[in-house]
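Participant: Any chance you can model this:
(chains A, B, C and D)
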Number of protein chains: 2
Amino acid sequence: MLTNAGKYAIRAVIYLAIHSSADKKLGAKTIANALEIPQAFLAQLLRTLTVDKLISSSKGPGGGFFLDDDDRKNTLWQVIVSIDGEHRFQECFLGLSKCDDAHPCPVHHMVSPFKKEMLFNFQERTIAQLIDEIKDNGTVVSLKMSH
Amino acid sequence: MLTNAGKYAIRAVIYLAIHSSADKKLGAKTIANALEIPQAFLAQLLRTLTVDKLISSSKGPGGGFFLDDDDRKNTLWQVIVSIDGEHRFQECFLGLSKCDDAHPCPVHHMVSPFKKEMLFNFQERTIAQLIDEIKDNGTVVSLKMSH
DNA sequence: TGTTTATTATGACAAAAATCATGTTGTGGT
DNA sequence: ACCACAACATGATTTTTGTCATAATAAACA
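Facilitator: Predicted coordinates for the structure are as follows:
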């Protein structure tokens, strides 16, 4: 459903959404340590996200990655597409290349409704909204691998 | 969510459910051709399923794999567990080792309800029931990779 | 203008998943 | 008893994915 890279990217973006701003930039190393994921690998993902304009970055001393207001209007779906590609998330549960309501795989009707709902969730909600929901919810979300 | 092996296994079991019986056994080669899956790889999966008593087999001429009445009382969930293991299906969407309602990952509330529902579907329905539903539904399900 | 800090870029490396190849054993028919 | 057939068992190979290391480039500040 999601590759490791995609999972890392989502966690990193959410971490940035919570902890960074235009005047509080974070280095790849900082983020990697906080999330307990390999630095160099994360750096590549952050670069890709930067190229796709889903996160912002600045070089030099005091530089780093961050999310500005515009970035926060994007969705996690865009992050997924940027790293894993569009197909990965939507592909047939059994891996068939053609699987839709007209030509369903044997479990299509068991799986399809939930996938659509989930996809919708990722596409509609902006990152800003997601953070708000999390804060409203009260329960402390975890981003680290284990705790 | 599911490994390639798991997807193959499910398709093979459903194929057997539709096309095989105690006096109509099918060789691994036949199934592999029908589903457009690599033979040798499928053969291993079928063997595993046989060991776990989810499908039946008999050696020698006229032998092959098939589903008897007892086999049809099993669920696809058992097939998944047999091939991919229990954890694969249930793991956290973002890969966190601990992710539950008490300690949720940032997208837990967006994903968890659907996963639970889907899991329930796979655990409750027997293979026999699934086949019945498919037949009732009318639309011809596809099992081949492409068509 | 040079030094520091941090991103960018590239390629090598490791691990895991998926695939393939080979020989062995058991079973039924002749 | 022999032969043909198909499952069984094991291990090697390939491919993909993920990880790591290192050098290059850009920006800020003294």
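Participant: alpha carbons only for contacts and neighbour counts from here, please
Facilitator: Will do.
Participant: Show me which residues of chain A sit near DNA strand C.
Facilitator: Neighbours of DNA strand C within chain A, by CA under 7 Å from any atom of the strand: A:26-29, A:40, A:43-44, A:46-47, A:50, A:57-65.
Participant: Can you flag which of those residues belong to helices?
Facilitator: Among those, the subset assigned to helices under DSSP state H consists of A:28-29, A:40, A:43-44, A:46-47, A:50.
Participant: Mind jotting down where the strands sit in chain A?
Facilitator: A:56-58, A:64-66 (DSSP state E).
Participant: Need the contact partners of the lowest-mean-pLDDT helix or strand in chain A.
Facilitator: Within chain A, no helix or strand scores below helix A:86-90, which has a mean of 87 by mean pLDDT, DSSP states H and E. Contacts to helix A:86-90, defined as CA atoms under 8 Å, 6 or more residues apart in numbering or on different chains, come from residues A:1-2, A:80, A:115.
Participant: Pretty sure residue A:128 sits against residue A:68.
Facilitator: No: applying CA atoms under 8 Å, one finds residue A:128 not in contact with residue A:68, separated by 10.5 Å.
Participant: before we move on, back to that, pLDDT for the contacts of helix A:86-90 - can I get that in CSV?
Facilitator: Below are the contacts of helix A:86-90 laid out as CSV (pLDDT from 0 to 100):
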residue, pLDDT
A:1, 83
A:2, 89
A:80, 93
A:115, 90
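Participant: Who wins on neighbours among those?
Facilitator: residue A:80 (23 neighbours; other CA atoms under 10 Å in any protein chain shown).
Participant: excluding its backbone neighbours, what's nearest that one?
Facilitator: Using CA to CA, 6 or more residues apart in numbering or on different chains and skipping the chain neighbours, the partner closest in space to residue A:80 is residue A:6 (5.9 Å).
Participant: Could I get the contacting residues of that neighbour?
Facilitator: By CA under 8 Å, 6+ apart, the contact set of residue A:6 is A:79-80, A:83-84.
Participant: cool, residue A:68 as well?
Facilitator: Contacts of residue A:68 (CA under 8 Å, 6+ apart): A:21-22, A:55-56.
Participant: Let me know the closest of those to chain B.
Facilitator: When the contacts of residue A:68 are compared for distance to chain B (CA to the nearest CA), residue A:55 wins out at 18.1 Å.
Participant: neighbours around that closest one, how many?
Facilitator: Residue A:55: 23 neighbours (other CA under 10 Å).
Participant: next one: residue A:128
Facilitator: The burial count for residue A:128: 18, using other CA under 10 Å.
Participant: Could you list the buried residues of stretch A:64-79?
Facilitator: By neighbour count on 16 or more other CA atoms under 10 Å in any protein chain shown, the buried set for stretch A:64-79 is A:64-68, A:71-72, A:74-79.
Participant: From those, pick the one nearest DNA strand D.
Facilitator: residue A:64 (10.7 Å; CA to the nearest atom of the strand).
Participant: Was I right to think that closest one contacts residue A:50?
Facilitator: No: if you go by CA under 8 Å, residue A:64 and residue A:50 don't touch, sitting 11.1 Å apart.
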